[in-house]
Every structure is written in C-alpha cells, then in structure tokens.
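Colleague: kindly generate the corresponding structure for this input.
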Amino acid sequence: MIKCDKCGREFNRISNKEMHEKFCKGVKNTDNKDKDKKDIKDNKDNHIHEFILLNPRYPSQRKAIENGFNLVCKSCKELE
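Modeller: Numbering: from 1, shown residues only. Presented below is the predicted three-dimensional model:
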C-alpha cells in the first residue's frame, strides 16, 4: 500500500496516489469510501447483497451466464 504524504490515505496504485495528491488539502477524510469498500470485502457474509440480472449483450456477462451464473451483487461483485 502506498500512502499519501499529506493526509495518509492508502492507495494500491501509484497513479491513483499521484492523481489524489494533485487535489489533496492535507486533511484526512473521515468519510472514507475506501474504508467502506474494505469492510464489505472483509465481511462479505455480513452485508445485504443487492443483486442485478446479468445481461447477455455484454461479452463478460455472457461468459458468466454460460458458466451458470444469473446474478451479480452491486456492492461486492459476487456472482450468484
């Protein structure tokens, strides 16, 4: 993980960090969306899944349908 020098926010990619630093004011954001995403990844079984139907018009979703999946969760991208 790469940290911002100004606010301490962590990034997986250098390019994301560089883009963030252009607009960073040095104040750590308490409403960190990345933290929420991390919590969802860590606690996949503890959140409510919001499923949407797969669309066969899109090649990646068509492959998932061919493999027997019909739904995908919006928040954790888990196939069902």
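Colleague: mind listing the helices for this structure?
Modeller: Counting by DSSP state H, one finds helices in the chain at the ranges 14-23, 33-42, 59-66.
Colleague: pLDDT weak spots in the chain?
Modeller: For the chain, the stretches with pLDDT under 70 are 28-47.
Colleague: quick one: furthest residue from the center of it?
Modeller: The centre of the chain is farthest from one residue, E66, which by Cα atoms, centre = their mean lies 24.8 Å away.
Colleague: next up, the contacts around that one.
Modeller: Listed by Cβ atoms under 8 Å, 6 or more residues apart in numbering, E66 has no contact partners. From N, CA and C alone the C-beta is placed, and that goes for glycine too.
Colleague: roughly how far does it sit from P59?
Modeller: 11 Å (Cβ to Cβ, to the nearest Å).
Colleague: got it, and C73?
Modeller: C73 is 20 Å from P59, where distance means Cβ to Cβ.
Colleague: with neighbour numbers in mind, choose between these two.
Modeller: Applying other Cβ atoms under 10 Å to C73 and P59 shows that C73 carries more neighbours, namely 17 against 7.
Colleague: contact partners for that one?
Modeller: Contacts of C73 (Cβ under 8 Å, 6+ apart): H49, E50, F51, E80.
Colleague: what bridges to it?
Modeller: Beta bridges link C73 to F51, judged by DSSP bridges.
Colleague: for the closest residue to R62 other than its chain neighbours, the count of nearby residues, please.
Modeller: Spatial nearest neighbour of R62, excluding adjacent residues (Cβ to Cβ, 6 or more residues apart in numbering): P56 at 4.9 Å. Residues lying near P56 (other Cβ under 10 Å) number 12.
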